[in-house]
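Colleague: Sequence and computational prediction follow.
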Amino acid sequence: MKIKTSIKSFRLLLVTGIMLIAIVWTMNCMTTKTTTTAKDPEIEKKVNALLTKMTLQEKIGQMMQQHLGDELNDATKEAIRKGQIGSFLNAGNVEIKNEIQRIATKESRLGIPLIFGRDVIHGYKTIIPIPLGQAASWNPELVEKGARVAAIEASSEGVKWTFAPMIDIARDPRWGRIAESCGEDPYLTSVLGAAMVRGFQGDNLADPSSIAACAKHYVGYGAAEGGRDYNTTLIPERQLRDVYLPSFHAAVKTGVATLMSAFNDINGVPASGNEFTLRQVLRNEWKFDGFVVSDWTSMTEMIAHGYCKDEAEVALKSLKAGVDMEMVSQSYLNKLEELIKSGAVSEKLVDEAVKNILRIKFRAGLFDNPITDTSKPSVILAPEHLAAAKDIAVQSMVLLQNKNDLLPVTKGKRVAIIGPLADAPLDQMGTWVLDGNAANSVTPLKAIREMIGESNVQYAPGLTTSRTTETAGFAKAVQAARQSDVVLLFIGEEQILSGEAHSRAFLNLPGAQEELVAALAATGKPIAAIIMAGRPLTFRTVADKVQAILYAWHPGTMGGPAIADVVFGVANPSGKLPVTFPRTVGQAPIYYAHKNTGRPPSASELGIPLGTPLDPRGFTSKYLDVDFTPEYPFGYGLSYTRFEYSNIQVSAPQIKMGGKLTVTAEVKNTGQVPGEEVVQLYVQDLFGSVTRPVKELKGFTRVALQPGESKTVSFDLSTDDLAFYDINMKFTAEPGDFHVWIGGNSAEGVMTDFAIVD
Ligand code: BGC
């Protein structure tokens, strides 16, 4: 893990000088269609022909992925020549990658190219918002464009495979990797994950600007007990199928080239040795024909899990389960040959794995074009990439509170810019930015100075980092606030407080940030807090002291200009929460699609002061010291205008099994400015052969409305959309009554009923 950490912090130099020709080329590559999934008979012929020529050692070589830094030494060259390596992750610069491909294709016996993988998680050098922020845009087209931008940049430097999208369902904000996810909902994650796959892979994986995607972490990783990374998961099969598997199934249906097997164990069986999820579900049921890579040493970690006693058992169980390629650890390299020779496992399984890998290498065009063309003009940080990054950041921002319409701030006002994240170019990029360079980040301070003029801005950070408790800077910050008309306060959590292995047991603003807010509030100046974070934080006391709260996540390279546009009303916020925000960490995990229990609490039981136990009232499912409801519900987000919902209708009160209905409602912009609303459709299946969630998202769309304008929004619903795993584990809808809502978040909306009849 040490090597990886140094890579993560390694920032490559800025590539400047973007030429017009590059822009035209880039623009041509920016629109994509769905990738095809059908097996190509020509490719199958080539795969089979090649396989028959391979020795067992060469086959095992294809199943090995190794980490390579910036140095290609003689021993590694020799291993490539001997066909002992199928893939590298993090293999140096493009020249090194090209040299590797030259050796592999010209000097190895069979000339099989390698595939280079890398974590291009939310942008390559143009960093777009963290995936959780992207998800807050609820905009699949934009999310797809973001992945396309990443693919164009990464492929131009020889990366042909990204370890993304991360489509784990994440319902626990303590879990640091929630930042990399699309949040808590299977439907939203399925739609956005598929958009990312399309963006990365383009309409043809063989196109030089396309990169293979990797749906990860298969599966259940987000259910880590206590939100502690890598922890055990216990997920009943029905919940696995209803909640954790659909986003992966959607990715497979979209043609994702690869999947990554996760670190966690599921119901006692580690994901990297799990025959049920990898072979039964993925291969037998979904017919996935790409390849599965293990997560970083997740195979040999099965020894620590207590599932395998040694490397030989690791190799045996992983192969049987269906892991095709081993990342970093070397159990296949060290043990497969003897396992096959001893008859412990059939070579047929190795052949299957190798075919899966070769199939993707052929689909990716690596046999025809192994070398990256470095003579082309640079596409890194191309203007339209920066523009896309800014658009996504704008749409990712969620306005949570706006008392007295403090936002947008009118230009001409004197503004105090305060807080540790106002000018934190590294932190605003968020987790997983191997190739992002902080020097390219445009911070809010810079963007706002440019937008409203330096003379209107007073900058006093107050705190040097989000975690520090050193308050010496408070006096200057308070003075800046006093001399201004409005305070823009940039608080939250810095980059390294979220992401892999960065779970938190407290969700509050770290360090002395709450004290800073209190000191500023005492000036009586209006405050807009812009919160940058990799997870839902809890900040009730802050919300009580400030007028406005804009949740900006970690917004990436163009975070500053995006925030400036929203704060000064050039853009109207339209983001909606892709995850429920708890009132306190003790409510976690908390998500909107929960079950009702036999004793649901009622609205009359609300109003419990935070952290103060009341006398027990009633035997319902709630807490004594905090309301049972969240701070902000899933799907929530305000705008500078208001939207009203009315007149919900279903095309028929009853539908037959296999039939369809249309649900419509009117949405009206009742405010003063144009705005976009993410309109959401939820259903509740009232009674089932097993208990059903109180609400489930089944559709959403963005609607742009002028002041006073209204539109009828319509959604088609088929009974297939209402299917789930029933008491017999059959995927089916059931006859019965349903509620349906159309609204602006999961807690509000207009409602009507329909029924499914036999
Ligand atoms: C992470 C993966 C990542 C891999 C390769 C692991 O530690 O869990 O998400 O793709 O490393 O860097």
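Modeller: In hand now; what should we look at? Predicted model, so just to flag it, every value in this text is computed and none were measured. Numbering: from 1, shown residues only.
Colleague: wait, does the helix or strand Met302 falls within contact the ligand?
Modeller: Per DSSP states H and E, Met302 falls inside helix 301-305. No: Helix 301-305 stays clear of the ligand (Cβ under 6 Å from any ligand atom), getting no nearer than 10.5 Å. Where C-beta positions appear, they are placed from N, C-alpha and C, glycine not excepted.
Colleague: what do you get for stretch 193-202?
Modeller: No: using Cβ under 6 Å from any ligand atom, stretch 193-202 stays clear of the ligand, with a minimum separation of 13.7 Å.
Colleague: what mean pLDDT does the helix or strand just after the helix holding Met302 have?
Modeller: Downstream of helix 301-305, the next assigned helix or strand under DSSP H and E is helix 311-321. In this model, helix 311-321 carries a mean pLDDT of 98.
Colleague: for stretch 332-347, same thing?
Modeller: So the average pLDDT for stretch 332-347 ends up being 98.
Colleague: Quick check: buried residues in it?
Modeller: 332-333, 335-337, 339-340, 344-345 (16 or more other Cβ atoms under 10 Å).
Colleague: Show the contacting residues for the closest residue to the ligand within the stretch 101-250 of the chain.
Modeller: The ligand sits closest to Phe163 of the stretch 101-250 of the chain, with a gap of 3.3 Å, by Cβ to the nearest ligand atom. Phe163 makes contact with 89, 117-121, 214, 216, 260, according to Cβ atoms under 8 Å, 6 or more residues apart in numbering.
Colleague: redo that, cut-off 6 Å
Modeller: Neighbouring residues of Phe163 by Cβ atoms under 6 Å, 6 or more residues apart in numbering: 119, 214.
Colleague: Check Asn669 too.
Modeller: Asn669 neighbours (Cβ under 6 Å, 6+ apart): 641, 675, 705, 707, 709.
Colleague: List only buried entries from the residues you listed.
Modeller: Of the contacts of Asn669, these count as buried by 16+ other Cβ under 10 Å: 641, 675, 705.
Colleague: Share the number of residues neighbouring the nearest residue to Gln428 once chain neighbours are set aside, please.
Modeller: In space, and not counting its chain neighbours, Gln428 is closest to Gly559: 4.4 Å by Cβ to Cβ, 6 or more residues apart in numbering. By other Cβ atoms under 10 Å, 36 other residues sit near Gly559.
Colleague: Would you map out the domains in the chain?
Modeller: Domains of the chain are assigned by automatic domain parsing as 41-363, 389-567, 643-757.
Colleague: so which of those comes closest to Ala603?
Modeller: domain 643-757 (11.0 Å; Cβ to Cβ).
Colleague: I'd like to check what contacts the helix holding Met302. Which residues are they?
Modeller: 265, 270, 273, 308, 314.
Colleague: and the residue of the stretch 551-700 of the chain found nearest the ligand, how many neighbours does it have?
Modeller: Residue nearest to the ligand within the stretch 551-700 of the chain (Cβ to the nearest ligand atom): His554, separated by 16.9 Å. Residues lying near His554 (other Cβ under 10 Å) number 32.
Colleague: And the furthest pair within the contacts of helix 301-305?
Modeller: Asp265 and Val314 (13.8 Å).
Colleague: and these two? which has more neighbours close in?
Modeller: Val314 (30 against 23).
Colleague: follow-up on the earlier one: return the per-residue confidence for the residue of the stretch 101-250 of the chain closest to the ligand.
Modeller: So Phe163 comes in at 98 (pLDDT).
Colleague: do the same with the one 10 residues further on
Modeller: In this prediction, Pro173 carries a pLDDT score of 98.
Colleague: Do I have it right that it meets Ala533?
Modeller: No: the pair Pro173 / Ala533 is not scored as a contact, 9.5 Å apart, by Cβ atoms under 6 Å.
Colleague: Help me confirm that the residue of the stretch 551-700 of the chain closest to the ligand is found in a helix?
Modeller: No: counting by DSSP: H, G, I helix; E, B strand; the rest coil, His554 is not found in a helix; it is coil.
Colleague: ok, now which ones touch it?
Modeller: When contacts are taken as Cβ under 6 Å, 6+ apart, His554 is in contact with 130, 428, 430, 532, 534.
Colleague: Out of the residues you listed, the closest to the ligand would be?
Modeller: Closest to the ligand out of the contacts of His554 is Ile130 (13.6 Å), distances taken as Cβ to the nearest ligand atom.
Colleague: what's around Cys308, how many residues?
Modeller: What Cys308 shows, counting by other Cβ under 10 Å, is a neighbour count of 23.
Colleague: wait, Lys216 sits on Met260?
Modeller: Yes: with contacts counted by Cβ under 6 Å, Lys216 reaches Met260, the gap being 3.6 Å.
Colleague: So the spatially closest residue to Ser714 that is not a sequence neighbour versus Thr641, what's the distance?
Modeller: Distances taken as Cβ to Cβ, 6+ apart put Thr664 closest to Ser714, at 4.4 Å, once the chain neighbours are dropped. As judged by Cβ to Cβ, to the nearest Å, Thr664 and Thr641 stand 22 Å apart.
Colleague: so what's Ala755 up against?
Modeller: Contacts of Ala755 by Cβ under 6 Å, 6+ apart are 654, 737.
Colleague: Please repeat the previous calculation with a cut-off of 8 Å.
Modeller: Ala755 neighbours (Cβ under 8 Å, 6+ apart): 653-655, 735-738.
Colleague: ok, now which ones touch Pro561?
Modeller: By Cβ under 8 Å, 6+ apart, the neighbours of Pro561 are 390, 442, 447.
Colleague: make it 10 Å
Modeller: Neighbouring residues of Pro561 by Cβ atoms under 10 Å, 6 or more residues apart in numbering: 386-387, 389-390, 393-394, 442-444, 446-448, 450-451, 555, 570.
Colleague: do Asn508 as well
Modeller: Shown in contact with Asn508 (Cβ under 10 Å, 6+ apart): 493, 514, 537-542, 584-585.
Colleague: Grab the nearest non-local neighbour of Arg692.
Modeller: Residue nearest to Arg692 in three dimensions, not counting chain neighbours: Asp685, with 4.3 Å by Cβ to Cβ, 6+ apart.
Colleague: Pro236 now?
Modeller: Asn267 (7.9 Å).
Colleague: and which of the buried ones among the contacts of Asn669 is nearest Pro613?
Modeller: Thr641 (40.5 Å).
Colleague: Can you give me the neighbour number for the residue nearest to that closest one when sequence neighbours are not counted?
Modeller: Nearest residue to Thr641, sequence neighbours excluded (Cβ to Cβ, 6+ apart): Gly671, at 3.0 Å. Burial of Gly671 is recorded as 18 neighbouring residues (other Cβ under 10 Å).
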